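S.K.: My questions concern the predicted model and sequence given below.
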Amino acid sequence: MSTQRDYYEILGVDKSANEADIKKAYRQLAMKYHPDRVPEGEKKQAEEKFKEISEAYAVLSDAEKRKLYDAYGHAGINSRFSEQDIFRGANFNDIFGEAGLGSIFESFFGGGGDFADIFGGGRRGGRRQYSRGSDVETTVDVTLEEVLAGVERQVTFSRYTLCSECHGEGTAKGTSRKTCPTCGGAGTVYRSAGFMRIGQTCPQCQGTGQIITDPCPRCTGQGLETERKTLTVKIPAGIKHGSSLRIRGEGNQGRDAAGDLFVTVRVKQHSQFTREENNLLTNVTVGVAQASLGTETEVPTLDGKVRMKIPAATQPGTVFRLKQKGLPDLYSKRPGDLFVKVNVEVPKKLSAREREILEELANIRGEKVSGTRGKKETIVDKVKKFM
């Protein structure tokens, strides 16, 4: 709990503030710093701030705690209350009842399975800790063609679900959990350290306040069993390699809630295309004469072939852009472009006629080439050479 900042300063109210002013200030701050209402990168900071303002409200909204705090400050609160006890008696129900924010206390303040105890509802028995199941991960492979249009995939995975025999209680049929003898059902054991009282999670019941004496034979008291499940998952168009899709509530089951399923998408490498964000890159090959004189050639795209004009005097390595022939953006759906690199193929073998034509071209352009036979001698040329 906070031992530094002044509670009034945290809530931004004067020491003369009445109950309504304190409640109003807390509601505004809680809405602002609730972790579910901030960007992902700010969640950790928001969680700390949320804890701080909630602690301040728990003290200042309680007449007894506020009087003790006004007289002795944080030392007075710490000497009388543990971290769990400081929230007892604070009424959060009318603040969060309509806003839907009450569940945040389940993970922040000692496990909130028993809200009546945290929010002053009156039951003083042990508060079992809030139990949310862990997340489950699986993968799915897709092709670039499927990324272009989006696709549905079936994924099969294993998860823990509530035991079909004991329905998650962990106890044998006809029996129930017993109050923990170590903590008396409180879930916390305390020890004194001078004028302070320090609370720790009960080692026997692990904070639940209850123990199982007759475990369920099917799940051996765990309350869970393994389930193999198949779901149809929609893969959106434009998704990138390594992205994860979150399916809420399809993870491992906990006592109070299930975790989530995360499906990681792996995009297979393509034989013709390379992906760069929403753009695609590919190659086409043309001959020397085609590059020199110009031509039209077929270019592959993800949804069929198109004709592309190669202008005369196109140099090897020239890149042309075909607009909107790439992949759609995951959010805006605006398509990227296809970039086509032109490779010029030089023949490895030449016929006599092809060689003659190329040598004549070299002579015309004044280009020196190795292995040229020059102009073919005629009968007249040979006679003149002999004479």
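M.R.: Nice, thanks for sending it over.
S.K.: centroid residue for this structure?
M.R.: S244 (5.6 Å; CA atoms, centre = their mean).
S.K.: pLDDT of the helix or strand that contains E298, averaged?
M.R.: Assigned by DSSP states H and E, E298 belongs to strand 295-301. Strand 295-301 comes out with an average pLDDT of 93.
S.K.: is it true that the residue nearest to the centre of the chain touches V263?
M.R.: Yes - look at S244 against V263 with CB atoms under 8 Å: they come within range, at 6.5 Å. For the C-beta atoms, the positions are set from N, CA and C on the backbone; glycine is no exception.
S.K.: so what's in contact with the two at the same time?
M.R.: Residues touching both S244 and V263 (CB atoms under 8 Å, 6 or more residues apart in numbering): E137.
S.K.: so what's the residue nearest to the centre of the chain up against?
M.R.: S244 neighbours (CB under 8 Å, 6+ apart): E137, F262, V263, T264, V265.
S.K.: rerun that using 6 Å as the cut-off
M.R.: Contact analysis of S244 by CB atoms under 6 Å, 6 or more residues apart in numbering lists F262, T264.
S.K.: Pull up the gap between it and F50, please.
M.R.: As defined by CB to CB, to the nearest Å, S244 lies at a distance of 26 Å from F50.
S.K.: go on, E40?
M.R.: 16 Å.
S.K.: who's more crowded, these two?
M.R.: Taking neighbours as other CB atoms under 10 Å, E40 and F50 compare with F50 leading, 22 against 7.
S.K.: which residues of the stretch 1-150 of the chain fall in helices?
M.R.: Taking DSSP state H, counting those that start in this stretch as the criterion, the stretch 1-150 of the chain carries its helices at 7-11, 19-33, 43-60, 63-80, 93-96, 104-108, 115-118, 144-149.
S.K.: for the stretch 201-350 of the chain, same thing?
M.R.: Under DSSP H, counting those that start in this stretch, the stretch 201-350 of the chain gives helices at 288-293.
S.K.: who's in contact with the nearest residue to E169 once chain neighbours are set aside?
M.R.: Nearest residue to E169, sequence neighbours excluded (CB to CB, 6 or more residues apart in numbering): G223, at 6.1 Å. For G223, the contacting residues are C163, G168, G170, by CB under 6 Å, 6+ apart.
S.K.: before we move on, back to that, could you measure the residue nearest to the centre of the chain against F262, distance?
M.R.: From S244 to F262 the distance is 5 Å (CB to CB).
S.K.: same thing with A20?
M.R.: 44 Å.
S.K.: quick one, which of those two is more surrounded?
M.R.: For the pair A20 and F262, the greater number of neighbours falls to F262 (16 against 8), based on other CB under 10 Å.
S.K.: Quickly note the distance from the more buried one to G251.
M.R.: 8 Å.
S.K.: So Y8 versus V147, what's the distance?
M.R.: 55 Å.
S.K.: Comparing those two, which residue is more hemmed in?
M.R.: V147 (26 against 19).
S.K.: contacting residues for the more buried one?
M.R.: V267, L327.
S.K.: Kindly recompute the last result at 7 Å.
M.R.: A237, G238, I239, V267, L327 (CB atoms under 7 Å, 6 or more residues apart in numbering).
S.K.: now, which of these lie within strands?
M.R.: Residues of the contacts of V147 located in strands (DSSP state E): V267.
S.K.: got the contacts of V147 as a markdown table, with pLDDT columns?
M.R.: Converted to a markdown table, the contacts of V147 look like this (pLDDT from 0 to 100):
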| residue | pLDDT |
| --- | --- |
| A237 | 94 |
| G238 | 94 |
| I239 | 94 |
| V267 | 95 |
| L327 | 95 |
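S.K.: Name the member of the contacts of V147 with the most neighbours.
M.R.: L327 (26 neighbours).
S.K.: If you drop the residues flanking it in sequence, what lies closest to that residue?
M.R.: N278 (4.8 Å).
S.K.: Does that neighbour touch G326 like I think?
M.R.: Yes - counting by CB atoms under 7 Å, N278 does reach G326; the two are 5.3 Å apart.
S.K.: More neighbours: those two, which one.
M.R.: G326 (26 against 18).
S.K.: tell me, what's touching F262 and G251 both at once?
M.R.: D135.
S.K.: quick one: least confident helix or strand in the chain?
M.R.: Lowest by mean pLDDT, DSSP states H and E among the helices and strands of the chain is helix 115-118, with a mean of 32.
S.K.: and the helix or strand S158 falls within, what's its mean pLDDT?
M.R.: Element membership for S158, per DSSP H and E: strand 151-162. Averaged across strand 151-162, the pLDDT comes to 92.
S.K.: again with stretch 54-63
M.R.: 88.
S.K.: For the spatially closest residue to C205 that is not a sequence neighbour, the count of nearby residues, please.
M.R.: Once flanking residues are discounted, C205 sits nearest to C180: 3.8 Å by CB to CB, 6+ apart. Burial of C180 is recorded as 22 neighbouring residues (other CB under 10 Å).
S.K.: And E9, by the same measure?
M.R.: 9.
S.K.: number of nearby residues for the residue lying closest to D70 once chain neighbours are set aside?
M.R.: Nearest non-adjacent residue to D70, counting by CB to CB, 6+ apart: K15, 7.2 Å away. By the measure other CB under 10 Å, the count of residues near K15 is 10.
S.K.: Likewise for A63?
M.R.: What A63 shows, counting by other CB under 10 Å, is a neighbour count of 10.
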